[in-house]
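A.B. asks: How does the following fold in three dimensions:
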Amino acid sequence: MESTRLSARRGLAAVSLSIAGAVALVVIPSAGPANAEPSLAESQRNLANIGVKLDAINEQFNTANAKLAASKARQSKLLADLKPFQAKADEYQRRVSALGAESYRQGRPSMLTALLGGTSPDQVVGQLSMLDQVSADKASAIKALKDAEKPVAATKKKLDDEIKVEAAQQKEKADSKKELEAELKKWQGINAGLKGRASRASTSTKSSSGGVPTYNGPVSGSAGAVVSFAKAQLGKPYVFGAAGPNSFDCSGLTLAAWARAGVSMSHSAHLQYSAFPHVSRANALPGDLMFFYGDRHHVGIFIGGNEMIHAPTQGEPVQVADISTSYWMGIANGIARP
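C.D. replies: Predicted coordinates for the structure are as follows:
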């Protein structure tokens, strides 16, 4: 009997050990490597990519805003043009009301009352002629008003539809902008930590990005004023929608610079490219506007040699860029001369 109990206890112990081993296998995590922290190079690549996307969204928002403003201006003009037609309609309504009141007081000037009230054939003919004239005037006035209102109403509907679409586009771009700004902020924090550690670990030389332009060739006339203004903005922060005096986005900088030369333009890189004559890279002159990416959402000011001044993107100040690098040459997409 005792041997049977001993055997049972040994069997139970064996089962318990087996269960414990199984649990240990499940609970204890594997000793694999943890998720690696991004390198400084990876962080900077992410920041650059987000910056490009944010710059594109900013300029798309600027374009939508410019189009919306133009549509609203046309709408205001159309409403002003409608006032004479409304005045005509009001006058006609007053005439109809007066005729109705007169008819009530004197009896409806129908054909029957004309026939019964006439004391002579001449009077009957005269009264019938008056009725015909009143009827003809009414029909003519109604037709004239309808003919005038048709194209105006069609144009107003078209403008109302445009404004609705453009306002929706504005909202879409604004929502995308918020998402990208949140992503940018996250990676800026990561990048700052990595750069801090890198600077403590080494004594790397400072980048020359954003330095003083090296080109000293001839720049005169209106282009001279443009280039001088652009140089004076070096180091100022990028702020979406800004056109100076303390901050700029890319098309805001070009807008403000050319305003010094008396040239006005839309606050949109895409619309700036469409507004002015185009020139080749070989014929580019200081002051010309240089455009980049497939949708031309980025613009800078050519200052001569192989350099331009531009407002890159959020977190990057107004600076000089070497446009002869493979990066800029690979995304260059046109030059315009205001």
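A.B. asks: Could I have the CA atoms of stretch 312-320 written out in CSV?
C.D. replies: Extracted C-alpha coordinates of stretch 312-320, given in CSV (Å, rounded to 0.1, in the frame of the first residue of the first chain):
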residue,chain,number,x,y,z
PRO,A,312,12.8,75.1,-47.6
THR,A,313,10.2,73.8,-45.2
GLN,A,314,9.1,73.8,-41.6
GLY,A,315,12.1,73.8,-39.2
GLU,A,316,14.5,75.0,-42.0
PRO,A,317,15.2,78.7,-42.3
VAL,A,318,15.6,80.8,-45.5
GLN,A,319,18.9,79.7,-46.9
VAL,A,320,21.1,79.3,-50.0
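A.B. asks: what packs against the longest strand seen in the chain?
C.D. replies: In the chain, taking DSSP state E as the definition, the longest strand is strand 298-304. On a contact count with 3 or more Cβ pairs under 8 Å, 6 or more residues apart in numbering; DSSP states H and E, strand 298-304 meets helix 40-106, helix 221-232, helix 250-259, helix 269-275, strand 289-292, strand 307-310. The C-beta positions use only the backbone N, C-alpha and C, and glycine is treated the same way.
A.B. asks: Distance to Ile335 added to those, as TSV?
C.D. replies: Formatted as TSV, those follow (distance: least, Cβ to Cβ, whole Å):
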stretch	distance to Ile335
helix 40-106	17
helix 221-232	13
helix 250-259	12
helix 269-275	9
strand 289-292	5
strand 307-310	10
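A.B. asks: Go through the ones you listed and name the closest to Glu179.
C.D. replies: helix 40-106 (9.2 Å; Cβ to Cβ).
A.B. asks: thinking again about what came up before, parallel or antiparallel, which strands does the longest strand of the chain pair with?
C.D. replies: strand 289-292 (antiparallel), strand 307-310 (antiparallel) (DSSP bridges).
A.B. asks: just the ones you listed: most buried one?
C.D. replies: Each of the strands paired with strand 298-304 was scored by mean neighbour count; the highest is strand 289-292, a mean of 26, by mean count of other Cβ atoms under 10 Å.
A.B. asks: mean confidence score for that strand?
C.D. replies: Taken as a whole, strand 289-292 has an average pLDDT of 96.
A.B. asks: My guess is Phe292 contacts Trp328. True?
C.D. replies: Yes: applying Cβ atoms under 8 Å as the test, Phe292 and Trp328 come out as touching, 7.0 Å apart.
A.B. asks: and the strands paired with strand 298-304 as CSV, adding distance to Ala257?
C.D. replies: CSV is the format used below for these (distance: least, Cβ to Cβ, whole Å):
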stretch, distance to Ala257
strand 289-292, 9
strand 307-310, 8
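A.B. asks: Can you check which of these gets nearest to Gln233?
C.D. replies: Per Cβ to Cβ, nearest to Gln233 of these: strand 307-310, 7.4 Å.
A.B. asks: can I get the CA coordinates of that closest one in PDB?
C.D. replies: The C-alpha coordinates for strand 307-310 follow below in PDB (Å, rounded to 0.1, in the frame of the first residue of the first chain):
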ATOM      1  CA  GLU A 307      22.800  79.000 -56.300                       C
ATOM      2  CA  MET A 308      19.300  80.000 -55.300                       C
ATOM      3  CA  ILE A 309      17.700  81.400 -52.100                       C
ATOM      4  CA  HIS A 310      14.600  79.600 -50.800                       C
END
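A.B. asks: sorry, back to before: right, and the helices and strands packed on strand 298-304 - which one's nearest Leu184?
C.D. replies: helix 40-106 (4.9 Å).
A.B. asks: pLDDT of whichever helix or strand Ile335 is part of, averaged?
C.D. replies: In this structure, Ile335 sits in strand 332-336 according to DSSP states H and E. Averaged across strand 332-336, the pLDDT comes to 95.
A.B. asks: counting contacts, what elements does that strand pack onto?
C.D. replies: By 3+ Cβ pairs under 8 Å, 6+ apart, strand 332-336 packs against helix 269-275, strand 278-279, strand 289-292.
A.B. asks: Now do the same for Met111: its pLDDT.
C.D. replies: 49.
A.B. asks: same question but for Ser176, I mixed them up
C.D. replies: Listed pLDDT for Ser176 reads 81.
A.B. asks: Give me the neighbour count for the residue nearest to it when sequence neighbours are not counted.
C.D. replies: Using Cβ to Cβ, 6 or more residues apart in numbering and skipping residues adjacent in sequence, the residue nearest Ser176 is Ile57, 5.1 Å away. Neighbours of Ile57 under the rule other Cβ atoms under 10 Å: 22.
A.B. asks: One more: Lys236?
C.D. replies: Per other Cβ under 10 Å, the neighbour tally for Lys236 reads 18.
A.B. asks: burial measure for the closest residue in space to it that isn't next to it in sequence, as a count.
C.D. replies: Nearest residue to Lys236 in three dimensions, chain neighbours excluded: Val318, at 4.9 Å (Cβ to Cβ, 6+ apart). By other Cβ under 10 Å, the residues close to Val318 number 23.
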